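Asker: Could you work out the structure for the sequence below:
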Amino acid sequence: MHKLEHVMQLDLDYINSFSEMERCAQGVFFYNKDMPTYFDANHAHIWKKIEQEERFLTDLKHFYTSKGLIPRMYLYNLEENHHCIEALQAHGFQYEYFTDEVQCWNGVTVQLPVNPAIQIERVTNANVQEALAVEMSISTFGEPDIIKEAFDKTYRSQHFTYYLLRLNGVACCTANIFVSGKHGRIESVATLENYRGKGLIGYLLQHIQKESVNRLKYLWILPINEQVAKVYTKANFQSLGKITSIHAFTEGKSIQEIRSAK
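Answerer: Take a look at the predicted model:
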């Protein structure tokens, strides 16, 4: 399997850890009626060629609306699915394009100067509220109530490990790693606004790399923009390519709006 296919499968495993999954001929439908406003849990992921786009879009809308959910879809394989893209607007969908870089750790632990003011620890019941407070402060992650609900579910999952970084004793940076087999993916990297620009993410990534070196074959990360990608590149994450997709939705905020915290 090509490495980029690995990360696509890891993405499905990741979402399936907190969402129900129903397969279809073109891909999968994810849904979680207990968390209807958590976008990641309620999306179709479609990568195979759609032969009958009118019927497919009608069925997709019915699937989600029958569960009281907003129809949302990530559509890949855009060249073969251009007829479906052309039909989106007629079916009441808005859509936006994304080209996401995929990065993988090269296996070399980033070397950083020792900083005695920094302490990194796994998140446990003793410090979980501090870690949650950091994540809930990041507006680009979504509404605080949604962040808390998603955090509570993934924190309890055996597939996730959360980390908390302290600077001079203050909890100010978090990240988690999702593991499926020999593959891991770093998620939810967050830093309190007043502590950004201090290079703290590098120390957190270094710690995760040290814990992963004998545990995982691949360690992935998906930066949300070029600026973030440069931070990860400095920590020995290399680009393996880009994945182009469309995010289509019938109502609510776009992903761009969420990321820009509008």
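Asker: Asp100 is in contact with Leu240, correct?
Answerer: No: with contacts counted by CB atoms under 8 Å, Leu240 stays clear of Asp100, the gap being 11.6 Å. C-beta coordinates here come from the backbone N, C-alpha and C atoms, glycine included.
Asker: ok, Gln103 - how many residues close by?
Answerer: Residues contacting Gln103 under the criterion other CB atoms under 10 Å number 23.
Asker: Secondary structure element holding it?
Answerer: Secondary structure assigned from DSSP states H and E places Gln103 in strand 94-105.
Asker: Who are the contact partners of the closest residue to Gln206 other than its chain neighbours?
Answerer: Across the structure, with CB to CB, 6 or more residues apart in numbering as the measure, the residue nearest Gln206 apart from its sequence neighbours is Val110 (4.9 Å). When the contact criterion is CB atoms under 8 Å, 6 or more residues apart in numbering, the partners of Val110 are 202, 205-206, 209, 234-236.
Asker: need those in JSON lines with secondary structure, neighbour count and distance to Gly27, can you?
Answerer: Written out in JSON lines, the entries for those read as follows (DSSP: H, G, I helix; E, B strand; the rest coil; neighbours: other CB atoms under 10 Å; distance: CB to CB, whole Å):
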{"residue": "Gly202", "secondary structure": "helix", "neighbour count": "16", "distance to Gly27": "36"}
{"residue": "Leu205", "secondary structure": "helix", "neighbour count": "26", "distance to Gly27": "31"}
{"residue": "Gln206", "secondary structure": "helix", "neighbour count": "17", "distance to Gly27": "36"}
{"residue": "Gln209", "secondary structure": "helix", "neighbour count": "21", "distance to Gly27": "32"}
{"residue": "Lys234", "secondary structure": "helix", "neighbour count": "13", "distance to Gly27": "35"}
{"residue": "Ala235", "secondary structure": "coil", "neighbour count": "23", "distance to Gly27": "32"}
{"residue": "Asn236", "secondary structure": "coil", "neighbour count": "19", "distance to Gly27": "32"}
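Asker: where does Glu226 fall, phi/psi-wise?
Answerer: phi -70, psi -40 (degrees, to the nearest 10).
Asker: OK, contacts around it?
Answerer: Neighbouring residues of Glu226 by CB under 8 Å, 6+ apart: Glu101.
Asker: Need the per-residue pLDDT for it.
Answerer: Among the per-residue scores, Glu226 shows a pLDDT of 85.
Asker: and if you look at the one 5 residues further on?
Answerer: Reported pLDDT at Val231 in the predicted model: 89.
Asker: Quick check: closest non-adjacent residue to it.
Answerer: Spatial nearest neighbour of Val231, excluding adjacent residues (CB to CB, 6+ apart): Ile201 at 5.9 Å.
Asker: Tally up the residues packed near that neighbour, please.
Answerer: Under the neighbour criterion other CB under 10 Å, Ile201 is assigned a count of 20.
Asker: what sits against it?
Answerer: Ile201 touches 173, 175, 189, 191, 231, 235, counting by CB under 8 Å, 6+ apart.
Asker: Can you classify it by secondary structure?
Answerer: Assigned state for Ile201: helix (three-state reduction, DSSP: H, G, I helix; E, B strand; the rest coil).
Asker: any idea of the pLDDT on it?
Answerer: Confidence score, pLDDT, at Ile201: 94.
Asker: just Arg72 next, same as before
Answerer: Turning to Arg72, the model gives it a pLDDT of 97.
Asker: secondary structure element for the nearest residue to Phe56 once chain neighbours are set aside?
Answerer: In space, not counting the residues next to it along the chain, Phe56 is nearest to Ile50; the distance is 5.0 Å by CB to CB, 6+ apart. In the assignment (DSSP H and E), Ile50 maps to no helix and no strand.
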